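K.L.:
generate coordinates for the sequence data below:
(one chain, ligands or ions: 1)
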Amino acid sequence: MTEIQLHNTLTNRLEPLTPVHPGEVRIYTCGPTVYAFAHIGNFRTFVFQDILRRFLRSRGYSVMQVMNVTDVDDRIIHAAAAAGIGIREYTEKYIQGFLEDMDALHLEAPEEVVRATDHIEDMVALIERLQQKGLTYTSDGSIYFRISKFPAYGKLSKIDVSGMKTGTRVDVDQYEKDDVRDFALWKAPKAGEHFWETRIGPGRPGWHIECSAMAMKYLGETLDIHTGGVDLAFPHHENEIAQSEAATGHPFVRTWLHAEHLIIDGQKMSKSLGNIYTLRDLFAKGHKPSTVRFLLLSVPYRRQLNFTEDGLTQARNAVERLRNFVDRLKNAQFPAGSSPESHERIEKAEADFDAALADDINTAVALAAIFDLVRDLNTAVDQQTFLQQDAPRAVAAMEKFDAILALLADDDDEKLQKLGLLRSRDRLSAPQIEALIAERTAAKRRREFKRSDEIRQQLTDSGILVEDMKDGSVRWKYK
Ligand SMILES: [Zn+2]
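P.N.:
Below you'll find the predicted structure:
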């Protein structure tokens, strides 16, 4: 088997995976900030880490993955205050929503999904360690990390810190890219804001300290892999490194993996363009969970993903091709016997698929290996050279691929139903449609045209195309 190579942001190189604990890979993933539903750009990163963990398991590794949920920050505090409720109550809906969205996309739940507000004590203890080492200072009740005490600052994002003003500070969670300054570990309470009484004073944690404290609590002082979107590399991950390594004296993370941006129709997602979509927005427009999953995983994680309507159509067709192929393998009759050619062809596809994923999770090449196989075996079927005993072997290969891709289960309707987003057109079954058409025909015969028009409209609204034939019969199909 090909050695697994991953692109480490820290070294800017492909490196072999070498876990701290042989046989086990410990991964930390920056999770959602739960002040709203996560958007599809967020889910691009989460789909990537799902493929990563499924692939590692296919290679026999056990995976211990921790994902945080940021359930306290400026936006949450303000939104909860505006709604007149506590932050736990405010964030609960979005945490549940996030878990439901993950389920809809067949994202495996990380071994631990942990809330920041359940780990205040761990953060306080980590800040105390930094205080004892003289790496912090206090100003107006807030505690800051003094970046000048950590000379390696900038090593992940390659930010030049030479012109950085030390001793200056910013007092917001939403950092701008040019804020290369000391960052808050602990924030003094403001009037009317939620805060905790702790040994280091009243207040609430900064965003960065959360991830360091929770990652090290569950995964040890040196993690194998830390994943996140590329926009988190600076300052968030840079600050995680500074706090963690300054406190422990050990490398915090061996391999940093950053997923590139998702753009929409060639443009950056932004509020002003109104092109920020949640998963639910897409499902409400009629797109299937499996379509979205396919599109999000189809582009290797280090390449920018351009999310378009065309891409969705292609993704839907691609998923259908895979499902139809497996149906054909399971249900069609082939000439008796088995063919060494088919066997070899399948083994080659399996090897190509695995090698592609071992090459920094190259999902595009992995998918090509599958679709080439589908094409070749379909040709063999047409030429009658694919034989009956080849079918179970081919099904086994498709299921092996699907342990990582998770696209074959035809459960889109079920997933949408769970979210309450199954559209009415999906709800009309063929017998229901036939019954409506019969009723419409009867109404016409009675010359009740208002009623027959109503039924036609109902069918149209449900996405059914109705065609009246010359011989008086009626044909219909889903739009
Ligand atoms: Zn984080």
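
K.L.:
return the residues of the protein in contact with the ion.
P.N.:
When proximity is defined as C-beta under 5 Å from the ion, the chain approaches the ion at 30, 211. C-betas here are computed from N, CA, C, even on glycine.

K.L.:
count the neighbours of the residue nearest to residue 189 when sequence neighbours are not counted for me.
P.N.:
Distances taken as C-beta to C-beta, 6 or more residues apart in numbering place residue 195 nearest to residue 189, at 3.6 Å, with adjacent residues excluded. Counted by other C-beta atoms under 10 Å, the residues lying close to residue 195 total 15.

K.L.:
just want the residue of the stretch 351-479 of the chain that's nearest the ion.
P.N.:
Using C-beta to the ion, the single residue of the stretch 351-479 of the chain nearest to the ion is residue 361, 20.3 Å away.

K.L.:
and that residue, how many neighbours does it have?
P.N.:
Close neighbours of residue 361, defined as other C-beta under 10 Å, add up to 25.

K.L.:
next, it: phi, psi?
P.N.:
The phi/psi pair for residue 361 (degrees, to the nearest 10) reads phi 50, psi 60.

K.L.:
ok, now which ones touch it?
P.N.:
6, 48, 51, 52, 55, 300, 301 (C-beta atoms under 8 Å, 6 or more residues apart in numbering).

K.L.:
so which of those sit within strands?
P.N.:
If you go by DSSP state E, those have residue 6 in strands.

K.L.:
buried subset of the contacts of residue 361 as a PyMOL selection?
P.N.:
To isolate the buried members of those in PyMOL, using 16 or more other C-beta atoms under 10 Å:
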select buried, resi 6+48+51+52+55+300+301
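
K.L.:
closest to residue 75 among the contacts of residue 361?
P.N.:
Closest approach to residue 75 among those (C-beta to C-beta): residue 48, at 24.8 Å.

K.L.:
what's the pLDDT at the closest residue to the closest one other than its chain neighbours?
P.N.:
Counting by C-beta to C-beta, 6+ apart, residue 301 is the residue found nearest to residue 48 once chain neighbours are left out, at 4.2 Å. With respect to pLDDT, residue 301 scores 98.

K.L.:
correct me, but residue 301 touches residue 257?
P.N.:
Yes - at 7.3 Å, residue 301 counts as touching residue 257 under the criterion of C-beta atoms under 8 Å.

K.L.:
returning to that earlier point: now do the contacts for the residue nearest to residue 189.
P.N.:
Neighbouring residues of residue 195 by C-beta under 8 Å, 6+ apart: 189, 202, 203, 204.

K.L.:
may I see the buried residues of the helix or strand residue 433 falls within?
P.N.:
Element membership for residue 433 (DSSP states H and E) is helix 430-445. Of all the residues in helix 430-445, those buried under the rule 16+ other C-beta under 10 Å are 433, 436, 437, 440, 441, 443, 444.

K.L.:
filter the contacts of residue 361 down to the ones in helices?
P.N.:
Cross-referencing the contacts of residue 361 against helices under DSSP state H gives 48, 51, 52, 55.

K.L.:
which pLDDT value goes with the last one?
P.N.:
In other words, residue 55. On the pLDDT scale, residue 55 gets 98.

K.L.:
avg pLDDT for the helix holding residue 433?
P.N.:
Rounded mean pLDDT across helix 430-445 is 89.

K.L.:
re the thing from before, any chance of TSV for the contacts of residue 195, columns secondary structure?
P.N.:
Formatted as TSV, the contacts of residue 195 follow (DSSP: H, G, I helix; E, B strand; the rest coil):
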residue	secondary structure
189	coil
202	coil
203	strand
204	strand
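
K.L.:
a markdown table for those residues, including neighbour count and pLDDT?
P.N.:
As requested, the contacts of residue 195 are exported to a markdown table (neighbours: other C-beta atoms under 10 Å; pLDDT from 0 to 100):
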| residue | neighbour count | pLDDT |
| --- | --- | --- |
| 189 | 16 | 90 |
| 202 | 13 | 97 |
| 203 | 23 | 95 |
| 204 | 25 | 94 |
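
K.L.:
between those residues, which sits nearest the ion?
P.N.:
For the contacts of residue 195, the nearest to the ion is residue 204 (16.1 Å; C-beta to the ion).

K.L.:
can I assume residue 214 sits in a strand?
P.N.:
No - going by three-state DSSP, the assignment for residue 214 is helix, not a strand.

K.L.:
element containing the closest residue to the ion within the stretch 201-350 of the chain, please.
P.N.:
Among all residues of the stretch 201-350 of the chain, residue 211 sits closest to the ion, at 3.3 Å; criterion: C-beta to the ion. In the assignment (DSSP H and E), residue 211 maps to helix 207-219.

K.L.:
what packs against that helix?
P.N.:
Helix 207-219 sits against strand 24-29, strand 62-69, strand 112-115, helix 120-132, strand 183-187, helix 238-248, with contacts defined as 3 or more C-beta pairs under 8 Å, 6 or more residues apart in numbering; DSSP states H and E.

K.L.:
pLDDT at residue 178, what is it?
P.N.:
Residue 178 is given a pLDDT of 34.

K.L.:
any chance of JSON lines for the buried residues of helix 430-445, columns distance to residue 266?
P.N.:
Putting the buried residues of helix 430-445 into JSON lines (distance: C-beta to C-beta, whole Å) gives the following:
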{"residue": "433", "distance to residue 266": "39"}
{"residue": "436", "distance to residue 266": "42"}
{"residue": "437", "distance to residue 266": "43"}
{"residue": "440", "distance to residue 266": "44"}
{"residue": "441", "distance to residue 266": "48"}
{"residue": "443", "distance to residue 266": "49"}
{"residue": "444", "distance to residue 266": "49"}
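
K.L.:
quick one on the thing from earlier: now the residue nearest to residue 189: how far from residue 121?
P.N.:
For residue 195, the distance to residue 121 equals 15 Å [C-beta to C-beta, to the nearest Å].

K.L.:
swap in residue 413?
P.N.:
From residue 413 to residue 121 the distance is 44 Å (C-beta to C-beta).

K.L.:
by residue count, tell me the biggest helix in the chain.
P.N.:
helix 309-331.

K.L.:
buried set for that one?
P.N.:
311, 312, 315, 316, 318, 319, 322, 323, 325, 326, 328, 329.

K.L.:
circling back: got a list of what the residue nearest to residue 48 touches?
P.N.:
Counted by C-beta under 8 Å, 6+ apart, residue 301 has contacts 44, 45, 48, 257, 259, 260, 361, 363.

K.L.:
got it, and residue 326?
P.N.:
Residues in contact with residue 326 (C-beta under 8 Å, 6+ apart) are 395, 398, 408.

K.L.:
while we're on the second one, how confident is the model there?
P.N.:
Right, residue 398. pLDDT, residue 398: 98.

K.L.:
quick check: it vs residue 350, distance?
P.N.:
Distance from residue 398 to residue 350, by C-beta to C-beta: 10 Å.

K.L.:
higher neighbour count, the two?
P.N.:
Counted by other C-beta under 10 Å, residue 398 and residue 350 do not tie: residue 398 has more neighbours, with 23 against 16.

K.L.:
which SS state does that one fall under?
P.N.:
From three-state DSSP, the assignment for residue 398 is helix.

K.L.:
distance check, residue 193 against residue 33.
P.N.:
Remark: distance between residue 193 and residue 33 (C-beta to C-beta) = 17 Å.

K.L.:
which of the two has more neighbours?
P.N.:
residue 33 (21 against 16).
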